[in-house]
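K.L.:
Got a predicted model here, sequence first, then my questions.
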Amino acid sequence: MGVLRPRAHLRSVTAITPQWLQERGLRALLLDLDNTLVPYRIYGEAPQGLLAWLQTLQDAGIQVMLVSNGSRRRVRYWCEKLGVPGFGPAGKPWFGFRKALRRLGLAPREVAVVGDQLFTDVLGGNLIGAYTVLVPPLSKREMGYTRLVRKLERWVLQNTGLGLVAGSGEEFDPKEYRQEPTMSKD
Ligand SMILES: [Mg+2]
């Protein structure tokens, strides 16, 4: 079950700061798109807070890449809106992350894989040996299949102790995993 254990739980991607990354020897973020950066299925303008966060990372020399299982069209749309490179459908957990590492020219231990799903983001990130970060999903509106997976994820987080990680106050309690969208529009 170790491969399903995220190295960190954070309340939001925007809790990740350049300093937090540097303290862990991390030089790049491989970011999930749906329900991690933007609510599932939503098209529109990127929230200013999200854009500012991405800018802060890039200013600090942190590389950012979207690795999404979303459609090619959707990933392309959001890469353009967010001003970051990326690709999809990536085929997580089995595919995608190694391709991203090759593009970035980095080793697995130098990257954080960030996402809202245990069985794609966390599993895939752990399988390549990256630093995995789980964030709560932004929206409950998901496909039937993902809803089913959520139930399994919640069970794993709440009943196996895998959710418990030692450390700072930036973490969320896995019991809150099913919370409503917290994306700010400021
Ligand atoms: Mg996701």
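P.N.:
Structure received.
K.L.:
Next SSE downstream of the helix or strand where Trp20 lies?
P.N.:
Applying DSSP states H and E as the criterion places Trp20 in helix 18-23. The first helix or strand that comes after helix 18-23 along the chain, using DSSP H and E, is strand 28-31.
K.L.:
Next secondary structure element downstream of that following strand?
P.N.:
Trace forward from strand 28-31 with DSSP H and E and the next one is helix 48-59.
K.L.:
Packing partners of that next one?
P.N.:
Contact here means 3 or more Cβ pairs under 8 Å, 6 or more residues apart in numbering; DSSP states H and E; on that basis helix 48-59 packs against helix 18-23, strand 63-67, helix 72-82. Using the backbone N, CA and C atoms, a C-beta is placed for each residue, glycine as well.
K.L.:
Just the CA coordinates for that helix, please, in CSV.
P.N.:
The C-alpha coordinates for helix 48-59 follow below in CSV (Å, rounded to 0.1, in the frame of the first residue of the first chain):
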residue,chain,number,x,y,z
GLN,A,48,-6.1,35.4,-10.7
GLY,A,49,-4.8,33.7,-7.6
LEU,A,50,-3.9,30.6,-9.6
LEU,A,51,-2.1,32.7,-12.3
ALA,A,52,-0.2,34.7,-9.6
TRP,A,53,0.8,31.4,-7.9
LEU,A,54,2.2,30.0,-11.2
GLN,A,55,4.0,33.2,-11.9
THR,A,56,5.6,33.1,-8.4
LEU,A,57,6.9,29.6,-9.0
GLN,A,58,8.2,30.4,-12.5
ASP,A,59,9.9,33.6,-11.2
